[in-house]
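Trainee: give me coordinates for this.
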Amino acid sequence: MRYKILACGIAAIALTASACSPRTHDETQNAPDNLTEPANLALSCQYPEHAPAPSAGLKAFNDYAWQMFVAANWPAKAEARGVPDCNRMIGDSTKVVWISYKTTDETFLPGAVDPGPWESPAKSELEFSEISKVSSDIKDEIMQPVGGWLIDQKNNPVYYQISINKISYDYIRQNDFYNLDTVTTATDIEFLDNSLEVKAAWRWLQADDDHSRYFTRPAIFEVYGTNGKPTGEFKEGVAGLVGLHIIVKAEGFPQWVWATFEQVDNVTVSGGIHTSFYNPNCTGQYCTPNISPEHSGQPFGDPNQLTRVTPLHPEAVAVNEAYQSALKGTPFQYYELVTSQYPLDPQDPGNPMGTPTPNIAANVTLESYIQPTSSCMACHFTARVPGGTLVKTDFSFILLHAQAPANPGDAQ
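Mentor: Residues are numbered from 1 along each chain as shown. Modelled structure (predicted):
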């Protein structure tokens with residue numbers, strides 16, 4: 001598999017009550033609607049049926065975001081992609097629901113080949129390797145949409161991955177939107193309710209990292225040289241999740257609902273734990289935080305110094321504490337919601353962006369260098385079909401991955 005990231009995507013995730021039965025259909029449909037107060041929360045394998053009302057406020061959407069996170073990270077059934085195994089508990093397995101979703105490289109195959117039915121086997125390892133079509137010397141798997149690459153304090157790049165649920169996948173496949181020719185001539189693109197996308201940022205964990213503080217997956221990493229180009233070498237290792245965007249096209253929210261999470265040690269110095277992207281004792285030329293290496297000229301392979309520009313909202317802090325306590329004993333206790341983002345006016349025809357609330361939403365691992373102005377909804381509002389047309393792609397950049405069909409004379 002090969003992962004390339006071309007847009008600032010996030011993906012929304014959710015949870016409901018703990019007494020849930022296994023599903024026989026797609027995981028986002030008709031779960032019981034149980035948006036609880038954090039103090040009374042119950043971890044659930046299922047996504048909520050509905051998002052809160054737009055007037056419910058940030059607290060309700062932050063709770064909804066955590067419900068999505070739990071449901072997405074619930075162990076998945078071995079025989080059914082994207083379906084939770086409700087007989088297990090969160091933290092029992094690293095083969096979780098969103099990991100069993102289809103990646104962009106499983107959806108958009110070279111030559112615009114039909115990617116086939118949803119239930120094709122998923123690989124047991126993440127594979128971060130060179131992509132077939134690149135627009136720069138640095139591969140898209142390690143490039144942010146704006147600002148360039150991100151190098152951690154162990155001198156390794158962060159690797160990125162996008163996945164989609166069955167509803168999104170079936171919509172793309174049924175409309176041939178994996179084919180670039182079809183996408184560029186499309187006049188109406190509107191994803192179905194409960195379509196969901198996940199964008200992940202991963203660190204290559206080292207032996208001296210505390211792996212118990214991360215959601216991890218076995219991985220095969222492509223090694224990059226100091227010039228930022230692939231060396232042709234691949235190494236097995238452990239990938240630790242450091243950032244997660246989740247977006248869902250909740251019913252009644254044509255602008256989608258957004259949530260973004262981080263691993264707690266990304267930039268926060270606490271209890272002697274080494275941070276992944278901040279060195280409090282940094283010396284030298286490149287210690288000013290949050291400066292894009294594309295602007296500073298910082299060499300590839302040197303750690304990029306990051307800080308959080310917008311502090312967590314007090315309501316995010318409160319809901320984080322509640323869910324972290326409920327998840328104690330699992331790696332997910334070491335994750336935090338940065339913010340949710342939702343349209344305050346989703347049904348106003350004169351306001352197609354819907355008034356993003358809050359107006360700033362930034363993950364330090366995914367929007368490292370544009371934190372002061374980052375808005376997931378505002379960014380994705382600009383999504384268009386490839387080729388410079390004005391046809392919108394419904395707040396999703398996923399169709400930028402569509403592949404050109406093979407020429408009849410191409411070698412097979």
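
Trainee: give the contact list for residue 75.
Mentor: With contact taken as CB atoms under 8 Å, 6 or more residues apart in numbering, residue 75 is in contact with 84, 85, 88, 89, 90, 92, 93, 95, 96, 97. Where C-beta positions appear, they are placed from N, C-alpha and C, glycine not excepted.

Trainee: what bridges to it?
Mentor: residue 96 (DSSP bridges).

Trainee: redo the contacts of residue 75 as a markdown table? Include distance to residue 237.
Mentor: Output for those, formatted as a markdown table (distance: CB to CB, whole Å):
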| residue | distance to residue 237 |
| --- | --- |
| 84 | 28 |
| 85 | 27 |
| 88 | 26 |
| 89 | 27 |
| 90 | 24 |
| 92 | 23 |
| 93 | 20 |
| 95 | 18 |
| 96 | 19 |
| 97 | 24 |
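
Trainee: can you count the residues close to the residue nearest to residue 369 when sequence neighbours are not counted?
Mentor: Counting by CB to CB, 6 or more residues apart in numbering, residue 369 lies nearest to residue 147, which is 3.3 Å off, once chain neighbours are set aside. Look at residue 147: counted by other CB atoms under 10 Å, it has 19 neighbours.

Trainee: also the one 3 residues further on?
Mentor: Applying the criterion other CB under 10 Å, we find 29 residues in the vicinity of residue 150.

Trainee: for it, give me phi and psi.
Mentor: phi -130, psi 120 (degrees, to the nearest 10).

Trainee: touching, it and residue 160? I think so.
Mentor: No. If you go by CB atoms under 8 Å, residue 150 and residue 160 don't touch, sitting 9.2 Å apart.

Trainee: now do the shared contacts for the two.
Mentor: Counting by CB under 8 Å, 6+ apart, the contacts common to residue 150 and residue 160 are 142, 144, 201.

Trainee: coming back round to it: can you pull the pLDDT of the residue nearest to residue 369?
Mentor: pLDDT for residue 147: 90.

Trainee: roughly how far apart are residue 43 and residue 60?
Mentor: Distance of residue 43 to residue 60, given as CB to CB, to the nearest Å: 18 Å.

Trainee: which stretches of the stretch 101-250 of the chain have low pLDDT?
Mentor: 123-125, 129-140 (pLDDT under 70).

Trainee: longest helix of this structure?
Mentor: helix 58-72 (DSSP state H).

Trainee: counting by contacts, list what the helix or strand following that one packs against.
Mentor: Note on helix 58-72: by DSSP states H and E, the next helix or strand toward the C-terminus is strand 102-103. Packing contacts for strand 102-103, counted by 3 or more CB pairs under 8 Å, 6 or more residues apart in numbering; DSSP states H and E, involve strand 159-164.
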